[in-house]
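**Q** Quick one, what's the 3D model for this:
(one chain, ligands or ions: 2)
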Amino acid sequence: MSQDKIDIKDVTPKTFNPKTHKTKGDRFNPSNRIYVRESKGTFQTLRRYGGWFLLVLFAAIPWIPYGDRQAILLDIGNQQFNFIGTTLYPQDLTLLALLFMIAAFALFFITTFLGRVWCGYLCPQTVWTFMYIWFEEKLEGSANKRRKQDSNKLTANLAMRKAAKHAAWIAIAIATGLTFVGYFVPVKQLVVGFFTFDADFWPVFWVLFFAGCTYANAGWMRSIVCVHMCPYARFQSAMFDKDTFIVGYNTKRGETRGPRSRKADPKALGLGDCIDCDLCVQVCPTGIDIRDGLQYECINCGACIDACDKTMERMGYDKGLISYTTEHRLSGKHTKVLRPKLLGYGAVLLVMIGLFFAQIAAVDPAGLSVLRDRNQLFRVNSAGEVENTYTLKVINKTQQTQQYQLNVEGLGDVSWYGKQTVQVAPGEVLSLPMSLGVNPDNLDSSVSKIQFILSDSEDFTIEVESRFIKKL
Ligand code: SF4
Ligand code: SF4
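**A** Ligands and ions are numbered 1, 2, ... in the order given. Have a look, this model is predicted:
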């Protein structure tokens, strides 16, 4: 076992602490929901811009055209994935596997280096949750106000504001569902069909399904998803070491915590820099107290850093009582950024990215498959030739209509019955029944190996092997 592993600490509160939400079983109790206080500061601005960037990207991609089609469309129904100028078919799905491996190693690399920044800044669960909290804050007031309002009788005014909040949440959820499904079915038809009640059943079902998930996850479940349902939270510790950047509280500097006036000298009072204002707990979306130490619920969002920095500023103390730091730095040791594990993940990631682009470059612009007629292996036609029947499937993987030439090799003099020049639309799979006829005197064996050859106007050729049968 590596010595760099973080020591396991039991931070289970010995007594119920109403400031946090860590008491066993209480997280699912609606009366104990977390009222997250809005936090402002450098990291929250970064998180907001990062979230907006991803949101705009997510919403815009399905609407970007390429030629007369969507630039990115994962058309599951037709088993075609359009990526800008290339159409991928199920046989190209090693690319998708590589893409998943790139995403996994990127996550390993980033987590080893910066802990759960993905969770805190870019994970859709966090981005959507903070967006929903923004509406809650604007329509129902601050966290303290909401807590008080919810413990009192529901007034007409509050009911109206709650209704407006849920309407905004539902609108975002439906927009999210439409956008997500728009990656799999043409988005323009989907949106028009959805609002005119003219769409097919399954796309509408999936839009409503994903809208329901968005509403429930970001509106109601929030940190329950991060803490109890997300598998990433469970295996992240395997990637952490003492040089991983985490959100940490400087105990040496902060303790002994306690309130004091701004003018008081903390040293004279025997106090550290933590004034026990609890703002770091109130802004935490997962309802933990970072002063208890590193906890698996922490999503590295930095909200507590911004809240604490504001308090430090107000008190005239140095910022950074809570900061992005490492276990080594907190214990006064040197942080080693470039370490074998991180470099290893980085190297594998680069190899995967290289392989992905090499495979993309090697994707053929056309495909050919050959099916022999299974009902009749051969027949003798009216010209006295031995005739074999095939079905050729020609796939145009480009975004333009193409003309292809078809030929066969391996039989010498051969008669081709059917089209030898075909025009195929972008993404079309053309099925072409045809047959070959050969004078039986020119056939040396009962079974001959032959090659069907497809070529386009730009010197691309593809060969597919098949058999020509004279007799059994
Ligand atoms: S402890 Fe701080 S960084 Fe961790 S989730 Fe809570 S607010 Fe975010
Ligand atoms: S915000 Fe800072 S000063 Fe206030 S309780 Fe948290 S750690 Fe202490």
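
**Q** C-terminal to the longest helix anywhere in the chain, which secondary structure element comes first?
**A** With DSSP state H setting the assignment, residue counts place helix 156-181 as the longest helix in the chain. Note on helix 156-181: by DSSP states H and E, the next helix or strand toward the C-terminus is helix 187-195.

**Q** Show me how far the longest helix of the chain is from its chain's centre.
**A** Relative to its parent chain, helix 156-181 has a centroid offset of 24 Å by CA atoms, centre = their mean, to the nearest Å.

**Q** Show me what it is packed against.
**A** The contact analysis (3 or more CB pairs under 8 Å, 6 or more residues apart in numbering; DSSP states H and E) places helix 156-181 against helix 42-60, helix 124-140, helix 187-195, helix 201-214. (Each C-beta comes from the backbone N, C-alpha and C, glycine too.)

**Q** Kindly recompute the last result at 6 Å.
**A** helix 124-140, helix 201-214 (3 or more CB pairs under 6 Å, 6 or more residues apart in numbering; DSSP states H and E).

**Q** Using CSV, lay out those helices together with mean neighbour count.
**A** Converted to CSV, the helices and strands packed on helix 156-181 look like this (neighbours: other CB atoms under 10 Å):
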stretch, mean neighbour count
helix 124-140, 19
helix 201-214, 16
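
**Q** Mean pLDDT added to those, as JSON lines?
**A** Below are the helices and strands packed on helix 156-181 laid out as JSON lines (pLDDT from 0 to 100):
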{"stretch": "helix 124-140", "mean pLDDT": "90"}
{"stretch": "helix 201-214", "mean pLDDT": "95"}
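
**Q** and of those helices, who's closest to L371?
**A** Distance to L371, taken as CB to CB, is lowest for helix 201-214 among the helices and strands packed on helix 156-181, at 30.0 Å.

**Q** so how far is the closest one from its chain's centroid?
**A** Offset of helix 201-214 from its chain centre (CA atoms, centre = their mean): 18 Å.

**Q** contacting residues around it?
**A** With contacts defined as CB atoms under 6 Å, 6 or more residues apart in numbering, helix 201-214 is touched by A173, I174, T176, G177, L178, F180, V181, V185, L190.

**Q** just stretch 100-113 next, same as before
**A** With CB under 6 Å, 6+ apart, stretch 100-113 has contacts from Q236, M239, K341, L342, Y345, G346, V348, L349, M352, I353.

**Q** relative to helix 124-140, how tilted is the longest helix of the chain?
**A** On the basis of axes from the mean of the first three to the mean of the last three CA atoms, to 10 degrees, helix 156-181 is oriented at 150 degrees to helix 124-140.

**Q** buried ones in helix 156-181?
**A** Buried residues in helix 156-181, counted by 16 or more other CB atoms under 10 Å: 158, 161-162, 165, 168-169, 172-174, 176-181.

**Q** Tell me the one of the residues you listed nearest M312?
**A** For these, the nearest to M312 is K165 (33.3 Å; CB to CB).

**Q** what's near enough to touch that closest one?
**A** By CB under 6 Å, 6+ apart, K165 lies in contact with F135, E136, L139.

**Q** Report the separation between P426 and A347.
**A** 38 Å (CB to CB, to the nearest Å).

**Q** more crowded one of those two?
**A** P426 (18 against 12; other CB atoms under 10 Å).

**Q** thinking again about what came up before, in TSV: the contacts of K165, plus distance to C230.
**A** Below are the contacts of K165 laid out as TSV (distance: CB to CB, whole Å):
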residue	distance to C230
F135	23
E136	22
L139	28
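
**Q** one step back: tilt between the longest helix of the chain and helix 42-60?
**A** 60 degrees.

**Q** picking up where we left off before, between the contacts of helix 201-214, which is nearest G418?
**A** For the contacts of helix 201-214, the nearest to G418 is V185 (34.7 Å; CB to CB).

**Q** for that closest one, what are its contacts?
**A** So V185 contacts P203 (CB under 6 Å, 6+ apart).

**Q** separation between it and I72?
**A** 13 Å.

**Q** what's the answer for F100, then?
**A** 16 Å.

**Q** and if you look at V187?
**A** In terms of CB to CB, V187 sits 10 Å off from I72.

**Q** Comparing these two, which shows the higher neighbour count?
**A** V187 (19 against 15).
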